[in-house]
Structure formats: C-alpha cells, structure tokens
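Peer 1: coords please:
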Amino acid sequence: MWGFGGRYYWGRRESGNGGSREGIVVVFAWMSSQDKHLKNYIQLYSSLGWDSLVCHSQFLNMFFPDRAATLASQLLNELIKDLKIRPSPVVFASFSGGPKACMYKVLQIIEGRCDAPVDLDGCQLARDCISGHIFDSSPVDFTSDLGTRFVIHPSVLKMSQPPKVVSWIANRIASSLDALFLSRFESQRAEYWQTLYASVNMGAPYLILCSENDDLAPYQIICNFAHKLQELGGDVKLLTWSGSPHVGHYRHFPVDYKAAITELLGKASAIYSQRTQRHDGANVGLEGTHDDISEPFNNLRQAAVSPAHSFQGTPLIATDHFLVPTSMEYYEGRDVGSVRDEQKEGFIRLPSPQSISAHGVLGQILFDVCLPKTIEDWDLKSSNSSHRRPYISSRRHASFNPIKCIRRSRL
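Peer 2: Sure, this is the predicted structure:
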C-alpha cells in the first residue's frame with residue numbers, strides 16, 4: 001500500500017469457464033483495499049456476464065506519475081493481449097484515488113499522450129473497446145494534503161478516531177511532500193483533471209456514484225465534475241446518497257447500486273455493438289465500391305485480350321468491317337434470377353432499340369463514313385502487348401465529308 005507500483009490480476013472470468021462474456025470491467029481499486037474487499041464487486045459484474053481485471057495501486061503512485069505510468073502500461077498490455085484474442089466492450093470502474101494512482105495514465109497512453117512500451121495498434125483497439133466509465137466515490141481531488149486526509153480517514157484505518165501518533169506522522173509526511181513537490185502539485189493536478197475531461201472524446205457513458213456525507217471525496221467536487229462532463233457533451237448519470245460512507249455505497253444500498261451498474265453495463269454493450277456494426281458496414285461499403293469500379297475495367301481487359309470471345313457472355317456479331325458486341329441479349333429473352341443476370345447487374349438496361357442492319361442503306365452510310373475499312377486500321381491493342389512498342393496507325397483518317405453522305409443517301 002505504502003510503496004510504489006502495484007499489481008493486477010483477473011477476477012472471476014466467465015469466458016474461462018466455457019461461458020460467453022459480455023465484456024471486461026477494469027477495476028481501479030482504492031489504495032487500502034484488499035482482494036476480499038473487492039469480492040462483492042467482482043461477483044456483481046460476473047452475475048451480469050462481465051469479466052474483471054483488477055488493479056491495486058500503491059499509495060505513492062499518486063505523487064510519482066512515472067511509477068503510475070509503469071503500472072498503467074503493464075495493465076494495458078494485459079488488457080490488449082486479451083482483446084486481441086476476443087474483442088469485447090471495456091468499462092473502467094474507478095474507486096476513490098484509483099484514477100490518480102493508475103487510471104488516468106492508462107487514458108493518456110491510449111490517447112498517445114504518454115510514452116510507454118505499448119503497441120500503437122493495441123492502443124487503438126483498446127480505445128475502440130472502451131464503452132463506459134464508472135466512478136465510485138471518485139474522482140478525488142489531488143491536493144497536497146490528500147495524503148494526510150487519506151491516511152487518517154476512518155475507512156482506511158478501520159476505526160472511528162485515528163490515534164494521535166498516526167495523525168502526527170501523517171502531517172509530517174504531508175509537510176515533507178509539500179517541501180519537495182509543491183511546485184509540481186498544481187501542474188500534476190491540472191494534467192489529471194484535463195485527462196479525465198478529455199475522456200469524453202471516447203463517446204462512452206458515465207455513471208458517477210457518490211455520497212453527500214463523503215469528506216474524502218466531497219460531493220461538491222464530484223458534482224462539478226459531472227456537470228463539466230455534461231457541458232462537454234458526455235452522457236452522464238449522477239447517483240447520490242446521503243447515508244453511505246466513502247466506497248460504501250454498494251454495502252449500504254445494494255439494490256439501487258446493482259440497478260445502476262446493470263443499466264450502465266447494458267448501455268456499454270449497446271454502444272460497442274453499434275460501433276462494431278458501423279465499422280463492419282464501412283468495410284463492406286469500401287469493398288463494394290472497389291468491386292463496382294474494378295469490374296467494368298476487368299471486363300474491358302478481357303474483351304481486349306480475347307476479342308473473338310463474348311463480353312460478359314454477350315455474343316459478338318460479325319460484319320464486313322468489324323466486330324461489335326450486341327446488347328440485345330440484355331433486353332430480350334432474359335431469365336430473371338439467373339447467374340448470368342447477376343453478373344450483368346452493373347449494366348444499365350434501356351428499352352429495346354431498333355436494330356440497324358449493317359447491309360442496309362443507312363448502315364452502309366454510317367459504316368463507310370465513320371469506320372475504317374480494315375481491321376488493321378483500328379488503333380486497339382491487347383493488354384498482352386503492353387511490353388511491346390506502342391502501335392501507331394499508318395493510315396490517316398480522312399476528315400468527315402457531309403456532301404459524300406448526302407450523295408450516298410440519294411442512292
């Protein structure tokens with residue numbers, strides 16, 4: 001409790017027992033807590049189908065951000081390792097001073113604002129999975145006398161009135177910290193609150209649980225925090241009691257507490273599902289756009305490589321001067337729902353046009369005037385000849401003569 005660093009472990013895991021899990025609750029416990037103190041919370045999350053990853057931070061992490069960042073990076077790597085195997089929604093549940101001792105550094109690492117040995121792709125994965133925040137008797141304001149108030153608090157000492165010796169030692173420690181880190185306290189405090197407010201950008205809802213009688217996490221500070229999140233566009237639910245002590249809300253009001261947790265976790269699952277659907281829909285849309293664009297060009301390449309074969313199954317009509325694909329098959333005699341019809345869905349269907357005979361008078365006029373006489377005059381090359389010298393037509397096309405059209409039409 002009184003050193004640096006901390007530890008983390010997995011609580012009861014539904015997925016480990018062969019069951020299906022709804023998500024993961026990352027628990028940032030208060031500093032004086034033990035495993036037995038968190039047992040009821042882990043059981044509550046497990047009853048709703050959520051696994052628990054529990055983090056116990058040491059007291060001095062609140063005053064040494066580098067030590068908090070080290071624990072945060074280790075915890076985040078453990079979370080990412082599990083999410084890569086089985087992505088699922090993640091909810092951060094913070095108690096008392098847990099946000100300052102570790103959680104806010106996890107947020108900074110995910111947002112790329114703190115250097116840590118964590119995979120960047122893994123950070124993005126974790127960010128996409130974060131779907132909710134729970135603050136129980138938290139956040140606690142970070143001031144120079146926080147250590148003193150925390151050490152002599154009844155919830156920590158498990159007694160109503162601390163001994164005078166303990167109070168004296170705590171005050172001496174606080175004075176020493178003021179002398180050493182007074183210039184850093186305010187900057188660390190500002191960074192801490194800015195990080196908590198910036199978590200609104202993750203688009204996850206908040207559940208804040210507090211008591212009007214909590215002197216370690218004053219109601220006014222928590223209420224101001226909730227209102228600020230709402231001003232920034234956050235989805236915030238503030239639940240307040242009047243008779244529960246610090247981190248004792250679940251013990252005193254289990255029904256209301258469980259109902260609020262159930263609502264938040266359900267909302268987190270819905271938000272994660274919506275994100276997943278939008279992500280999958282965007283990928284499908286990109287693939288469909290690629291197919292719609294590339295298919296016509298692939299068809300043209302195939303037609304250029306093998307001009308004697310059909311274009312998407314369309315027969316080629318031989319004339320005296322050239323080969324031209326017919327479009328009549330798309331308009332007449334189609335069997336709806338056939339495989340070939342599905343391949344032709346990219347083409348625009350027009351009304352059946354009047355056929356023009358290449359051997360008629362109008363056909364002779366158009367073909368003689370507008371098209372070269374021999375196939376060698378076509379300036380078309382197969383895609384297979386892309387490595388050869390470019391083909392240049394040796395015949396200069398005569399300019400269009402309308403008088404010639406009139407004369408031939410009179411014939």
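Peer 1: could you give the mean pLDDT of stretch 241-259?
Peer 2: Taken as a whole, stretch 241-259 has an average pLDDT of 94.
Peer 1: now swap in stretch 209-226 and tell me
Peer 2: Throughout stretch 209-226, pLDDT has a mean value of 92.
Peer 1: one more: stretch 48-59?
Peer 2: For stretch 48-59, the mean confidence score works out to 93.
Peer 1: and that stretch, what's buried?
Peer 2: When burial is assessed from 16 or more other Cβ atoms under 10 Å, stretch 48-59 yields the following buried residues: 48, 50-59. All C-beta spots, glycine's among them, are computed from the backbone N, C-alpha and C.
Peer 1: and of these, the nearest to Gln274?
Peer 2: Nearest to Gln274 out of those is Trp50 (Cβ to Cβ; 18.3 Å).
Peer 1: show me the contacts for the closest one.
Peer 2: For Trp50, the residues meeting the contact criterion (Cβ atoms under 8 Å, 6 or more residues apart in numbering) are 14, 21-25, 91, 265.
Peer 1: from Gly233, how far off is it?
Peer 2: Separation of Trp50 from Gly233 (Cβ to Cβ, to the nearest Å): 26 Å.
Peer 1: look at Ile208 and give its secondary structure.
Peer 2: Under DSSP: H, G, I helix; E, B strand; the rest coil, Ile208 falls in the strand class.
Peer 1: who is it paired with across the strands?
Peer 2: For Ile208, the beta-bridge partners under DSSP bridges are Phe135, Leu238.
Peer 1: low-confidence ranges in the stretch 251-400 of the chain?
Peer 2: Per-residue confidence of the stretch 251-400 of the chain (counting by pLDDT under 70) places the weak regions at 281-400.
Peer 1: change it to 50
Peer 2: The model of the stretch 251-400 of the chain has pLDDT under 50 over residues 290, 293-294, 296-297, 300-301, 303-353, 367, 369, 371, 375, 378-398.
Peer 1: strands along the stretch 151-300 of the chain, start to end?
Peer 2: Taking DSSP state E, counting those that start in this stretch to define them, one finds strands in the stretch 151-300 of the chain at 206-211, 236-241.
Peer 1: okay if I get those as CSV plus distance to Ser199 and mean neighbour count?
Peer 2: Below are these laid out as CSV (distance: least, Cβ to Cβ, whole Å; neighbours: other Cβ atoms under 10 Å):
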stretch, distance to Ser199, mean neighbour count
strand 206-211, 9, 24
strand 236-241, 11, 17
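Peer 1: so for Ser269, which of those strands sits nearest?
Peer 2: Closest to Ser269 of those, according to Cβ to Cβ: strand 206-211, at 13.9 Å.
Peer 1: helices or strands next to that closest one in the packing?
Peer 2: Here strand 206-211 is seen to pack against strand 130-136, helix 219-231, strand 236-241, helix 249-252, helix 254-305 when contacts are counted using 3 or more Cβ pairs under 8 Å, 6 or more residues apart in numbering; DSSP states H and E.
Peer 1: what's the angle between the second one and strand 130-136?
Peer 2: Helix 219-231 and strand 130-136 meet at an angle of 160 degrees, taking axes from the mean of the first three to the mean of the last three Cα atoms, to 10 degrees as the criterion.
Peer 1: right, and Gln230 touches Val236 too?
Peer 2: Yes - taking Cβ atoms under 8 Å as the definition, Gln230 is a contact partner of Val236 at 5.0 Å.
Peer 1: list the contacts for Val140?
Peer 2: Val140 sits next to 96-97, 99-100, 146, 216-217, 221 when contact means Cβ under 8 Å, 6+ apart.
Peer 1: I meant to write Glu111 there.
Peer 2: With contact taken as Cβ under 8 Å, 6+ apart, Glu111 is in contact with 127, 198.
Peer 1: same thing but at 10 Å, please
Peer 2: If you count contacts by Cβ atoms under 10 Å, 6 or more residues apart in numbering, Glu111 has them with 123, 127, 195, 198-199, 201-202.
Peer 1: these in helices, which ones?
Peer 2: In helices, defined here by DSSP state H, the members of the contacts of Glu111 are 123, 127, 195, 198.
Peer 1: how many neighbours does the nearest residue to the third one once chain neighbours are set aside have?
Peer 2: When the adjacent residues along the chain are set aside, Thr195 lies closest to Tyr104, with 4.5 Å between them (Cβ to Cβ, 6 or more residues apart in numbering). Residues lying near Tyr104 (other Cβ atoms under 10 Å) number 28.
Peer 1: and Arg275, by the same measure?
Peer 2: Burial measure for Arg275: 15 neighbouring residues, criterion other Cβ under 10 Å.
Peer 1: residues touching the residue lying closest to it once chain neighbours are set aside, list them.
Peer 2: Spatially, and ignoring its direct neighbours in sequence, Arg275 is nearest to Asp128 (6.5 Å; Cβ to Cβ, 6+ apart). The contact partners of Asp128, taken as Cβ under 10 Å, 6+ apart, are 83, 87, 89-90, 202, 272, 275-276, 279.
Peer 1: now render those residues as TSV, adding distance to Ala226.
Peer 2: Below are those laid out as TSV (distance: Cβ to Cβ, whole Å):
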residue	distance to Ala226
Leu83	29
Pro87	30
Pro89	22
Val90	21
Met202	17
Tyr272	23
Arg275	24
Thr276	28
His279	30
